[in-house]
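A.B. asks: output the structure for:
(2 chains)
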Amino acid sequence: MRHKPWQDIKTALPNIHGHLGVFEIGDREGESLYIGYAGGNSAFGLRGEIQKAFSRMPRACQIRIEITASYLSRYRELLMLHKAYHGELPPENPNIPLGRLSPIL
Amino acid sequence: MNLELTDEQTLIIAMVRRFVREEILPLEINIDPDADSLEPEDQARLIGITKSMGLYGLDIPPEYGGPDIDLITRTLIAVEMAQHRAGLYAPCYGAFGGAGLAQLFEATDAQKEAYLYPTLRGEKRGFFGLSEPSGGSDPARAIQTKAVRVGDDWIINGAKLWISGADRADFGLVFARTSQDKGRNGVTCFIVDTDTPGFHVRRIVHTLRSAHYATELQFEDMVVPHSNILGEVNKGFAIANDRLTRQRIPYAAGCIGVAIKAQEMALDYVPQRETFGAPLASRQAIQWMLVDNDIDIKQSLWITLEAASKASQGLPYRKEAAMAKLVATEAGGRVVDRCMQMFGGLGVAKDLPFERWYREMRIRRIGEGPSEVQRHVIARELLGASLR
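C.D. replies: Residues are numbered from 1 along each chain as shown, chains lettered A, B, ... in the order given. Coordinates of the predicted model:
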């Protein structure tokens, strides 16, 4: 996910549909604010979840997404990777129990 | 083998069945269809209930505080515990507790103090590190992770693959080769703390299970004290093999539980659903699917109970355990597949549990030794020395 380019959220949103998957929301500088997922209970999939997250984050302006059926394990993996690279979770993510990853940098 | 349940078994089964229906199924309405855990407060409440039922820590031996329930009854309970959406891999979301790594019951007193008791108290978690990138079905030969003795320590280098829970574990059982030319007699089991320098969880491996993942581990000059050997040097394969055999019975039971639940849902549905002016239940194609399901379920159940019966009597049960694992995982897949077919479009939607069971049941034919290895084990038992 971190190798994918950020997209402007307003431009990207019309092309994001109701898929299952994971997403990352960033600020203008490309700092990650939040990592989320659209799961089996999400209304309108990725589009619905991104809209919901976007509406409560005034600094949000960029997005990257990944469509995947393994949304729960991928979501946890992205959080663990973020923690491994930055030492902490994105500021808008609640602290949830996670494992430890030590990826080869 | 007596096929009648005792009064006590009947009572316990009814209690667990009610627990699943009244406590677990309602919670699953509101969580993600792929979830394998509950909110901590729900989990704590459910554990309180299973403790009050006297059924917490089912697999813990009585001398360590377990409820002293025989293996046949535990197998029947495992069948019940699996009868919900997450039931195959997260039966009752862990509300009945676990025994941790059963091999630790054979550990030294110091190892029990450091690892077993904290695990039983829920303070530590362990993982089982056997399979490697070089193979999982033939661990005796595939293990390439090496441990070399230096004074009172061992230095371990190598990798493991398909390891569950290592990223959240405090320690693990790691199998490493300690003699190069002795095959299965050159493998030793080490208890490894996950905060040991050189222990790395390198990556997550995503599978058909959305909530759960496996991990790939790497060991780089990881120093483990000699006192952390579980059992004896070069005798680790017996520990691994014992675990693999023992695990096949509850593994089979989970598949049977899901198959029973799938069949129950199909039996409810087909009299109601009409096609071309008649209920599905009146169609021979549907009736035969239900009949085949019933036969698959009964065959699997009896074979699995036979394995449990032999194991509980202390008789050799390797062949029966392999048969149970083989038959129940394959039958479970067929039953879920037929039920999906009967439900049509609904069968593949996330609204119902079939699509999750279908994905997870497919893994069961590979995990804990694939069907082909089970057939190999059975053939070896049948042919004995003449095979070699």
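A.B. asks: just how off-centre is stretch B:56-73 within its chain?
C.D. replies: The chain centroid and the centroid of stretch B:56-73 are separated by 17 Å under Cα atoms, centre = their mean, to the nearest Å.
A.B. asks: list the buried residues in it.
C.D. replies: B:56, B:57, B:58, B:59, B:60, B:66, B:67, B:69, B:71, B:72, B:73 (16 or more other Cβ atoms under 10 Å in any protein chain shown). Placement of C-beta: from N, CA and C, glycine included.
A.B. asks: for stretch B:312-324, same thing?
C.D. replies: Quick answer for stretch B:312-324 (16+ other Cβ under 10 Å): B:312, B:317, B:318, B:319, B:320, B:321, B:322, B:323, B:324.
A.B. asks: tell me the contacts of residue B:279?
C.D. replies: Neighbouring residues of residue B:279 by Cβ atoms under 8 Å, 6 or more residues apart in numbering or on different chains: B:270, B:271, B:272, B:273.
A.B. asks: dump those to JSON lines, plus secondary structure and neighbour count.
C.D. replies: Shown next, in JSON lines, are the contacts of residue B:279 (DSSP: H, G, I helix; E, B strand; the rest coil; neighbours: other Cβ atoms under 10 Å in any protein chain shown):
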{"residue": "B:270", "secondary structure": "coil", "neighbour count": "21"}
{"residue": "B:271", "secondary structure": "coil", "neighbour count": "11"}
{"residue": "B:272", "secondary structure": "coil", "neighbour count": "9"}
{"residue": "B:273", "secondary structure": "coil", "neighbour count": "15"}
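A.B. asks: and the stretch 251-388 of chain B, which of its residues are near chain A?
C.D. replies: Contact residues, the stretch 251-388 of chain B versus chain A (Cβ under 8 Å from any Cβ of the partner chain): residue B:350.
A.B. asks: output the below-cut-off pLDDT ranges for the chain.
C.D. replies: Just going to use chain A. A:105 (pLDDT under 70).
A.B. asks: my question was about chain B
C.D. replies: B:1, B:99, B:136-137, B:139, B:387-388.
A.B. asks: how about the residue nearest the centre of it, what does it touch?
C.D. replies: Geometric centre of chain B, nearest residue: residue B:251, 4.4 Å, by Cα atoms, centre = their mean. Residue B:251 is in contact with B:325, B:328, B:329, B:364, B:367, B:368, counting by Cβ under 8 Å, 6+ apart.
A.B. asks: now with 10 Å, please.
C.D. replies: Going by Cβ atoms under 10 Å, 6 or more residues apart in numbering or on different chains, residue B:251 touches B:78, B:88, B:244, B:304, B:321, B:324-325, B:328-329, B:364, B:367-369.
A.B. asks: now residue A:18, what's its secondary structure?
C.D. replies: Of the three states, residue A:18 takes coil under DSSP: H, G, I helix; E, B strand; the rest coil.
A.B. asks: leaving out chain neighbours, which residue sits closest to residue 71?
C.D. replies: Chain wasn't specified; assuming chain A. residue A:37 (4.4 Å; Cβ to Cβ, 6 or more residues apart in numbering or on different chains).
A.B. asks: my bad, the chain I had in mind was chain B
C.D. replies: Nearest one to residue B:71, counting by Cβ to Cβ, 6+ apart, is residue B:312 at 3.9 Å.
A.B. asks: and if you look at residue B:15?
C.D. replies: Per Cβ to Cβ, 6+ apart, closest to residue B:15 is residue B:53, 5.9 Å.
A.B. asks: so who does the residue of chain A at minimum distance from chain B touch?
C.D. replies: The nearest approach of chain A to chain B comes at residue A:99, 2.6 Å away (Cβ to the nearest Cβ). Contacts for residue A:99 (Cβ under 10 Å, 6+ apart) come out as A:76-77, A:79-80, A:83, B:165-169, B:194, B:201, B:204, B:213, B:215.
A.B. asks: what's the single longest helix in chain B?
C.D. replies: helix B:236-269 (DSSP state H).
A.B. asks: could you report the neighbour count for residue B:162?
C.D. replies: 18 (other Cβ atoms under 10 Å in any protein chain shown).
A.B. asks: show me the residues around residue 11 that make contact.
C.D. replies: I went with chain A, as the question did not name one. With Cβ under 10 Å, 6+ apart, residue A:11 has these contacts: residue A:63.
A.B. asks: wrong one, I was asking about chain B
C.D. replies: residue B:5.
A.B. asks: how close does it sit to residue B:51?
C.D. replies: Residue B:11 is 17 Å from residue B:51, where distance means Cβ to Cβ, to the nearest Å.
A.B. asks: re the thing from before, inside helices: which ones of the contacts of residue A:99?
C.D. replies: A:76, A:77, A:79, A:80, A:83.
A.B. asks: what is the nearest of those to residue A:50?
C.D. replies: residue A:79 (17.0 Å; Cβ to Cβ).
A.B. asks: for that closest one, which residues are in contact?
C.D. replies: A:22, A:35, A:89, A:90, A:93, A:95, A:96, A:98, A:99, A:101.
A.B. asks: hey, where'd the strands end up in the chain?
C.D. replies: The chain I'm using is chain A. Ranges of strands in chain A, per DSSP state E, are A:7-8, A:21-26, A:32-38, A:62-67.
A.B. asks: chain B was what I was after
C.D. replies: B:126-129, B:146-150, B:153-164, B:171-177, B:187-193, B:199-206, B:213-225, B:229-230, B:274-275, B:278-279.
A.B. asks: got the buried residues for the second one?
C.D. replies: By neighbour count, and taking 16+ other Cβ under 10 Å as the criterion, the buried residues in strand B:146-150 are residue B:147.
A.B. asks: run the chain-centre distance for it.
C.D. replies: On Cα atoms, centre = their mean, the centre of strand B:146-150 falls 31 Å from that of its chain.
A.B. asks: contacts only, for residue B:243.
C.D. replies: B:101, B:102, B:103, B:128, B:130, B:173, B:189, B:368 are the contacts of residue B:243 under Cβ under 10 Å, 6+ apart.
A.B. asks: which two among the residues you listed are spaced furthest apart?
C.D. replies: Pairwise over the contacts of residue B:243, using Cβ to Cβ, the maximum falls at B:189 and B:368, 17.8 Å.
A.B. asks: so which bits of chain A are right by chain B?
C.D. replies: Contact residues, chain A versus chain B (Cβ under 10 Å from any Cβ of the partner chain): A:20, A:37, A:39-42, A:68-78, A:80-81, A:84, A:97-104.
A.B. asks: 8 Å instead?
C.D. replies: A:39-41, A:68-74, A:76-77, A:80, A:97-104.
A.B. asks: if we can go back for a sec, distance to residue B:115 added to the buried residues of stretch B:56-73, as a markdown table?
C.D. replies: Formatted as a markdown table, the entries for the buried residues of stretch B:56-73 read as follows, by distance: Cβ to Cβ, whole Å:
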| residue | distance to residue B:115 |
| --- | --- |
| B:56 | 20 |
| B:57 | 16 |
| B:58 | 20 |
| B:59 | 16 |
| B:60 | 14 |
| B:66 | 17 |
| B:67 | 22 |
| B:69 | 24 |
| B:71 | 24 |
| B:72 | 29 |
| B:73 | 28 |
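A.B. asks: now for the residues you listed: which two are most distant?
C.D. replies: It's B:56 and B:72 that sit farthest apart of the buried residues of stretch B:56-73, by Cβ to Cβ, at 19.4 Å.
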